[in-house]
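Enquirer: Kindly generate the corresponding structure for this input.
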Amino acid sequence: QVQLVESGGGLVQAGGSLRLSCAASGRTFGSSVMGWFRQAPGKERQFVAAITWSRSTYYADSVKGRFAISRDNAKNTVALQMNSLKPEDTAVYYCARADVDRGSVYYRSPGAYDYWGQGTQVTVST
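Expert: Residues are numbered from 1 along each chain as shown. The predicted structure is shown next:
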């Protein structure tokens with residue numbers, strides 16, 4: 001069984017930075033695709049960023065240039081560095097893993113991911 005545990009959320013002022021981390025345990029990282037999603041109250045879960053085993057990265061337009069996803073395959077971890085945070089970035093952030101790389105067209109879809117973390121709250125104040 002695979003477990004994903006996020007950490008690093010919190011309260012930050014607009015313009016500030018946070019770094020989220022996700023640690024995976026269980027089956028090996030393998031050729032998995034790792035993603036970050038977020039969900040604000042009353043809204044659908046939204047794609048934020050994804051990274052492949054070979055470290056190709058993909059971002060939602062709303063975070064491009066502000067957020068950076070990275071992974072350490074040896075340590076089975078993935079991180080999301082969030083800079084220039086805005087109040088609209090406020091949400092619960094989820095780490096997700098897809099065991100099979102189905103191709104970039106699928107990275108933005110929650111349904112492409114097999115495992116999810118419990119989420120970590122990020123709140124950006126004005």
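Enquirer: Please make it C-alpha for all contacts and neighbour counts, starting now.
Expert: Noted.
Enquirer: Can you name the residues that contact the closest residue to residue 116 other than its chain neighbours?
Expert: Excluding its sequence neighbours, the residue lying closest to residue 116 (CA to CA, 6 or more residues apart in numbering) is residue 96, at 4.5 Å. Residue 96 sits next to 4, 34-37, 113-117 when contact means CA atoms under 8 Å, 6 or more residues apart in numbering.
Enquirer: Sitting in strands, which of the residues you listed do you find?
Expert: Residues from the contacts of residue 96 lying in strands, with DSSP state E as the criterion: 4, 34-37, 115-116.
Enquirer: Could you dump the residues you listed into JSON lines and include distance to residue 100?
Expert: Output for those, formatted as JSON lines (distance: CA to CA, whole Å):
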{"residue": "4", "distance to residue 100": "16"}
{"residue": "34", "distance to residue 100": "10"}
{"residue": "35", "distance to residue 100": "13"}
{"residue": "36", "distance to residue 100": "16"}
{"residue": "37", "distance to residue 100": "18"}
{"residue": "115", "distance to residue 100": "12"}
{"residue": "116", "distance to residue 100": "15"}
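Enquirer: Run through who's touching stretch 102-115.
Expert: With CA under 8 Å, 6+ apart, stretch 102-115 has contacts from 2-4, 33, 35, 37, 45, 47-50, 96-99.
Enquirer: most neighbours, which of the residues you listed?
Expert: residue 35 (30 neighbours; other CA atoms under 10 Å).
Enquirer: Contact partners for it?
Expert: So residue 35 contacts 47-51, 95-97, 107 (CA under 8 Å, 6+ apart).
Enquirer: Looking at the contacts of residue 96, spot the one nearest residue 24.
Expert: Closest approach between the contacts of residue 96 and residue 24, by CA to CA: residue 4, at 4.6 Å.
Enquirer: Which residues lie in contact with the closest one in this structure?
Expert: Here residue 4 is in contact with 22-25, 95-96, 115-118 (CA under 8 Å, 6+ apart).
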